[in-house]
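K.L.:
Test case, fold it:
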Amino acid sequence: MTGNLHNIIFLCLGLIVCVSLLTVMARKLKIAYPIFLVLAGLFISLIPGVPAIHLEPELIFIVILPPVLFDAAHEMSLKALWKWRRIISVMALGYVLFTATAVAFVSVWLIPGFTLSQGFLLGAIISPPDASAVMAVLRYSRLPKGTMAILEGESLLNDATSLTLFRFALAAITTQHFVWHEAVTGFGLVVVSGVAIGLAFGGLSYAIYKWLPTDANVDIAISVALPYLMYLSAEAVNSSGVLAVVSGGLLVAYQTHFVFSHKSRLKSASLWSSIVFILNAVVFFLIGLQLPEIIKDLGRSGLVTATGYALIITLVVIIVRLISGLFSSVFTTYISRYITVAAKRPGWRLPLLSSWAGMRGVVSLASASAIPLLLPDGQGFPHRNLILFITFMVILVTLIGQGLSLPWMIRKLDPKPLEDLKSDHHQLLEIELELYGVAEKELNLKHKADVDKNVLLQYRGEYLSHKRELLKDANSDDGARQKAMERLDHFSEIMGRVIARERHELHAFRRKAEYDDDIIAFIEHRLDLEEEQLQRDMDMEN
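P.N.:
Numbering: from 1, shown residues only. So this is what the prediction gives:
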């Protein structure tokens, strides 16, 4: 038992070190790390003597997916999600259903013995794009902010649609029973219950953060447990764990601005970024290592035939998404005559690029791996190995082919933003000027008497030099030291109030549509750092 545990620990540490070094190489070569890690894993899997790796679906769905979704919800702007709600809903629901339907009928026509239920099962597996892959690729070639928000919003919701469709298709195959109106009703119940469970946990976390005497370590411990509690609770009642984590994560993300201390926000941001990077990197590397395990039962002739099926179905997936994107642009232009839309004339460049950014990834492979080996009557699950192989090929072609070509397409098409917005620089300047004005008024009007008697408050810009002088004088005798410490504490106290007033004013900008959440988050981070520095100074001095 101890030996096995040591082996598991060494394996995990080895994976982390390996993917970290490979990620450094990917950044040096300016290749998105998911693409590079998949290629590296694929190359290593072909080396003779390398043992076959089996990627358990439970590892993805229970261990990795909840924190990745929770972090993505934290990064998503609620303001942008609401602004682009129509196109995000269409992409997350309509694109997935359209893709799954097209794949279902093409696969039935293409593959001998393939049933429509099996086709829908395959379509549900390969329909959702992978968010982390898309965001990593776009790191080197940024799309306009509105399009990025749409892709992020779609990625938060399309997994729920595809996994729910996967569940119904799998049930239809294993039970030989499928009724359309029951499926639609069941889908609605899964969506509503999943969102309700997520919001319930989000409300519970708010009560804990708000009214219990937690500190930064406790806040982070609870935030790490929350996505797992949301996901497992929803899945336990046959609801959508994905929607529970997404809805709960969005609510918790909004709450942290008001109930988290600056220390909790700073520590949480650092922890979550590291956790999610490690999980994503390890999984993409493991995807590449899956090749021997996936093709072992196909045989040489079967491999050639299966490759042909996979390439045709991959082409169908790509074309359907492109058609969906361009059609949505035309429909948006038409419907803007009758209702208010966020962008009246999307054009064709941005819809084309957002449709091309449809790389598949880890959720698809995990779903395919979750197909049972046997049916309830003891017979083998029909075409299981073929479905798994097609899924793997779709991931490879879309991730590598589309991923490597996307930056080039962005440069060539040079898309314009969907709307005329203030630039980031303009937004940042306006908010900073407003907050500096608020800080100045807070200091000079409400604390004028304090400023008159505290040299550090009078000369904020010369803070460090005055502090050194005070500490130098404090060494002469106990009385001088006590006076210096009182002055330093007084300075930290007043500046803490000033920062609190700035933060209060910053929250007002959250309700203004013309200011983006990422700009507000940037300024909030700056205030958190200033407050943390004041706290550290007080701790050192005392």
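K.L.:
Give the next helix or strand downstream of the least confident helix or strand in the chain by mean pLDDT.
P.N.:
Across the helices and strands of the chain, mean pLDDT, DSSP states H and E gives its lowest value to helix 463-474, namely a mean of 48. For helix 463-474, the following helix or strand on the C-terminal side (DSSP states H and E) is helix 478-509.
K.L.:
In that next one, which residues are buried?
P.N.:
Within helix 478-509, the residues scored as buried using 16 or more other CB atoms under 10 Å are 484-485, 487-488, 491-492, 494-495, 498-499, 501-503, 505-506, 509. To be clear about C-beta, it is placed using only N, CA and C from the backbone, and glycine gets the same treatment.
K.L.:
which of those lies closest to Leu226?
P.N.:
Arg503 (24.1 Å; CB to CB).
K.L.:
which residues of the stretch 101-250 of the chain fall in helices?
P.N.:
For the stretch 101-250 of the chain, applying DSSP state H, counting those that start in this stretch gives helices covering 116-126, 131-137, 145-175, 180-211, 216-236, 241-259.
K.L.:
Can you check which of those gets nearest to Gly401?
P.N.:
For those, proximity to Gly401 was assessed by CB to CB; helix 131-137 is nearest, at 11.6 Å.
K.L.:
gap between that closest one and the chain center?
P.N.:
Put simply, helix 131-137 sits 9 Å off its chain's centre (CA atoms, centre = their mean, to the nearest Å).
K.L.:
with the buried residues of helix 478-509 in mind, which one is nearest to Ser240?
P.N.:
Using CB to CB, Phe509 comes nearest to Ser240 of those, at 33.4 Å.
K.L.:
quick one: contacts for that closest one?
P.N.:
Residues in contact with Phe509 (CB atoms under 8 Å, 6 or more residues apart in numbering) are Ile431, Glu434, Tyr515, Ile520.
K.L.:
ok, now how distant is it from Ala500?
P.N.:
According to CB to CB, to the nearest Å, Phe509 and Ala500 sit 16 Å apart.
K.L.:
Can you tell me the closest non-neighbouring residue to Glu56?
P.N.:
Ser369 (7.2 Å; CB to CB, 6 or more residues apart in numbering).
K.L.:
How about the contacts made by Gly186?
P.N.:
Contacts of Gly186 by CB under 8 Å, 6+ apart are Phe168.
K.L.:
now do 10 Å
P.N.:
Thr164, Arg167, Phe168, Ala171, Val179, Asn238 (CB atoms under 10 Å, 6 or more residues apart in numbering).
K.L.:
Quick one: buried ones out of those residues?
P.N.:
In these, the ones that pass as buried (16+ other CB under 10 Å) are Thr164, Arg167, Phe168, Ala171.
K.L.:
hang on, the earlier thing: which pair of the contacts of Gly186 spans the longest distance?
P.N.:
Longest span within the contacts of Gly186, CB to CB: Val179 and Asn238, 17.0 Å.
K.L.:
Could you say which helix or strand holds the residue nearest the centre of the chain?
P.N.:
Of all residues in the chain, the one closest to the mean position by CA atoms, centre = their mean is Ala72, 2.3 Å from it. Using DSSP H and E, Ala72 maps to helix 65-75.
K.L.:
helices or strands up against that helix?
P.N.:
The elements that helix 65-75 packs onto, with contact taken as 3 or more CB pairs under 10 Å, 6 or more residues apart in numbering; DSSP states H and E, are helix 131-137, helix 145-175, helix 216-236, helix 241-259, helix 262-288, helix 362-369, helix 517-541.
K.L.:
what do you get if the cut-off is 8 Å, keeping everything else the same?
P.N.:
helix 131-137, helix 145-175, helix 216-236, helix 241-259, helix 262-288 (3 or more CB pairs under 8 Å, 6 or more residues apart in numbering; DSSP states H and E).
K.L.:
out of those, nearest to Gln402?
P.N.:
helix 131-137 (8.4 Å).
K.L.:
Now tell me what touches the closest one from outside.
P.N.:
For helix 131-137, contacts defined as CB under 8 Å, 6+ apart pick out 32-35, 68, 72, 151-152, 155-156, 276, 280, 284, 357-362, 399, 403, 406-407.
K.L.:
Equivalent analysis for stretch 219-235, please.
P.N.:
62, 65-67, 69-70, 193-194, 197-198, 201, 205, 208-209, 214, 240-245, 248-249, 252, 260-261, 264, 267-268, 271-272, 275.
K.L.:
distance between stretch 276-292 and the chain's centre?
P.N.:
17 Å.
K.L.:
May I see the buried residues of that stretch?
P.N.:
By neighbour count with 16+ other CB under 10 Å, stretch 276-292 contains the buried residues 276-291.
K.L.:
Same check on stretch 359-375?
P.N.:
Here stretch 359-375 shows 359-371 as buried, counting by 16+ other CB under 10 Å.
K.L.:
Which parts of the chain belong to which domain?
P.N.:
2-413, 424-541 (automatic domain parsing).
K.L.:
Where does pLDDT dip in the stretch 1-150 of the chain?
P.N.:
The stretch 1-150 of the chain contains residues with pLDDT under 70 at 1-4, 139-142.
K.L.:
Spell out, range by range, the strands that occur in it.
P.N.:
Using DSSP state E, counting those that start in this stretch, the stretch 1-150 of the chain contains no strands.
K.L.:
in the helix ranked longest in the chain, what's buried?
P.N.:
Identified as the longest helix of the chain according to DSSP state H is helix 300-335. Neighbour counts over helix 300-335 (16+ other CB under 10 Å) mark 306, 309-310, 313-314, 316-318, 320-321, 324-325, 328-329, 332 as buried.
K.L.:
what's whatever helix or strand comes next after that helix in contact with?
P.N.:
Counting by DSSP H and E, the next helix or strand C-terminal to helix 300-335 is helix 349-356. Helix 349-356 is contacted by residues 143-144, 147, 150-151, 321-322, 324-326, 328-329, 402, 405-406, 409-410, 413-416, 418 when judged by CB under 8 Å, 6+ apart.
K.L.:
Between helix 300-335 and helix 349-356, find me the angle.
P.N.:
Between helix 349-356 and helix 300-335, the angle comes out at 150 degrees (axes from the mean of the first three to the mean of the last three CA atoms, to 10 degrees).
K.L.:
Distance from helix 349-356 to the middle of the chain?
P.N.:
Offset of helix 349-356 from its chain centre (CA atoms, centre = their mean): 20 Å.
K.L.:
okay, the angle between whatever helix or strand Thr391 lives in and helix 262-288?
P.N.:
For Thr391, the host element (DSSP H and E) is helix 384-396. Helix 384-396 and helix 262-288 are oriented at 120 degrees to each other (the same axes, to 10 degrees).
K.L.:
Quick check: which helices or strands does the helix or strand that helix 384-396 is followed by pack against?
P.N.:
On the C-terminal side of helix 384-396, the closest following helix or strand by DSSP H and E is helix 403-413. Helices and strands touching helix 403-413, as assessed by 3+ CB pairs under 8 Å, 6+ apart, comprise helix 33-45, helix 131-137, helix 349-356.
K.L.:
Take the ones you listed and write them to CSV, including distance to Val394.
P.N.:
As requested, the helices and strands packed on helix 403-413 are exported to CSV (distance: least, CB to CB, whole Å):
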stretch, distance to Val394
helix 33-45, 13
helix 131-137, 13
helix 349-356, 15
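K.L.:
nearest to Thr101, of these?
P.N.:
Of all those, it is helix 349-356 that lies closest to Thr101, at 16.9 Å by CB to CB.
K.L.:
mean confidence score for that closest one?
P.N.:
Mean pLDDT, helix 349-356: 78.
K.L.:
Near the nearest residue to Gly361 once chain neighbours are set aside, how many residues? Count them for me, please.
P.N.:
Excluding its sequence neighbours, the residue lying closest to Gly361 (CB to CB, 6+ apart) is Asp130, at 2.6 Å. By other CB atoms under 10 Å, the residues close to Asp130 number 27.
K.L.:
My guess is Asp130 contacts Val362. True?
P.N.:
Yes - counting by CB atoms under 8 Å, Asp130 does reach Val362; the two are 6.3 Å apart.
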